[in-house]
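Q: next input, structure requested:
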Amino acid sequence: MPASILGEVVDLPESEVLRDRITRLDCPSCGSAHVAQVLGDNGGISYVCTACGHSWS
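A: Model (predicted):
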(Lines give C-alpha, C1' and ligand atoms only; values in the text may rest on other atoms or scores of the structure.)
Protein backbone atom coordinates (compact mmCIF):
# COMPACT_ATOMS: atom_id res chain seq x y z
CA MET A 1 0.00 0.00 0.00
CA PRO A 2 1.39 3.44 -0.91
CA ALA A 3 2.23 5.91 1.84
CA SER A 4 0.21 8.61 0.05
CA ILE A 5 -3.17 8.80 -1.68
CA LEU A 6 -1.28 10.17 -4.69
CA GLY A 7 0.17 6.72 -5.19
CA GLU A 8 -3.35 5.38 -5.74
CA VAL A 9 -4.12 7.78 -8.60
CA VAL A 10 -2.28 5.65 -11.13
CA ASP A 11 -4.80 2.85 -10.49
CA LEU A 12 -7.86 4.97 -11.33
CA PRO A 13 -9.69 4.30 -14.57
CA GLU A 14 -9.19 6.99 -17.21
CA SER A 15 -12.82 8.16 -16.80
CA GLU A 16 -12.19 8.97 -13.13
CA VAL A 17 -9.06 10.95 -13.93
CA LEU A 18 -10.91 12.84 -16.68
CA ARG A 19 -13.81 13.62 -14.32
CA ASP A 20 -11.36 15.04 -11.78
CA ARG A 21 -9.89 17.36 -14.43
CA ILE A 22 -13.36 18.55 -15.48
CA THR A 23 -14.78 19.18 -11.99
CA ARG A 24 -11.72 20.74 -10.36
CA LEU A 25 -11.92 24.50 -9.91
CA ASP A 26 -8.93 26.67 -10.68
CA CYS A 27 -8.52 30.26 -9.54
CA PRO A 28 -9.20 32.62 -12.47
CA SER A 29 -6.60 35.02 -11.07
CA CYS A 30 -3.55 32.84 -10.37
CA GLY A 31 -4.56 29.42 -11.76
CA SER A 32 -4.10 27.61 -8.45
CA ALA A 33 -6.27 24.57 -7.68
CA HIS A 34 -6.34 25.52 -3.98
CA VAL A 35 -9.94 26.75 -4.00
CA ALA A 36 -12.42 26.67 -1.12
CA GLN A 37 -16.18 26.86 -1.46
CA VAL A 38 -17.72 29.34 0.99
CA LEU A 39 -21.21 30.55 1.86
CA GLY A 40 -21.94 33.95 0.37
CA ASP A 41 -23.62 36.93 2.05
CA ASN A 42 -27.15 36.05 0.91
CA GLY A 43 -26.82 32.29 1.09
CA GLY A 44 -25.26 31.93 -2.33
CA ILE A 45 -22.12 29.98 -3.11
CA SER A 46 -18.80 31.76 -3.51
CA TYR A 47 -15.24 30.57 -3.94
CA VAL A 48 -11.96 31.80 -2.53
CA CYS A 49 -8.45 30.92 -3.60
CA THR A 50 -6.39 29.97 -0.56
CA ALA A 51 -3.18 30.68 -2.48
CA CYS A 52 -3.76 34.30 -3.52
CA GLY A 53 -6.97 35.35 -1.71
CA HIS A 54 -8.99 36.08 -4.85
CA SER A 55 -12.75 35.49 -4.36
CA TRP A 56 -15.54 35.06 -6.91
CA SER A 57 -19.01 33.61 -7.29
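Q: pull the contacting residues for residue 32.
A: For residue 32, the contact set (Cβ atoms under 8 Å, 6 or more residues apart in numbering) comprises 26, 49-52. Backbone N, C-alpha and C define where each C-beta goes, glycine included.
Q: who wins for most neighbours among these?
A: Within these, most neighbours by other Cβ atoms under 10 Å means residue 49, with 21 neighbours.
Q: wait, what's in contact with that residue?
A: Contacts of residue 49 by Cβ under 8 Å, 6+ apart are 27, 29-30, 32, 34-36, 55.
Q: farthest-separated two in the contacts of residue 32?
A: The most widely separated members of those, counting by Cβ to Cβ, are 26 and 50 (12.5 Å).
Q: any residues in contact with both of the two?
A: By Cβ under 8 Å, 6+ apart, the residues touching both residue 26 and residue 50 are 32, 35.
Q: who's in contact with residue 47?
A: By Cβ under 8 Å, 6+ apart, the residues touching residue 47 are 25, 35-38, 55-57.
Q: let's see it at 6 Å
A: Residues near residue 47 by Cβ atoms under 6 Å, 6 or more residues apart in numbering: 35, 37, 56.
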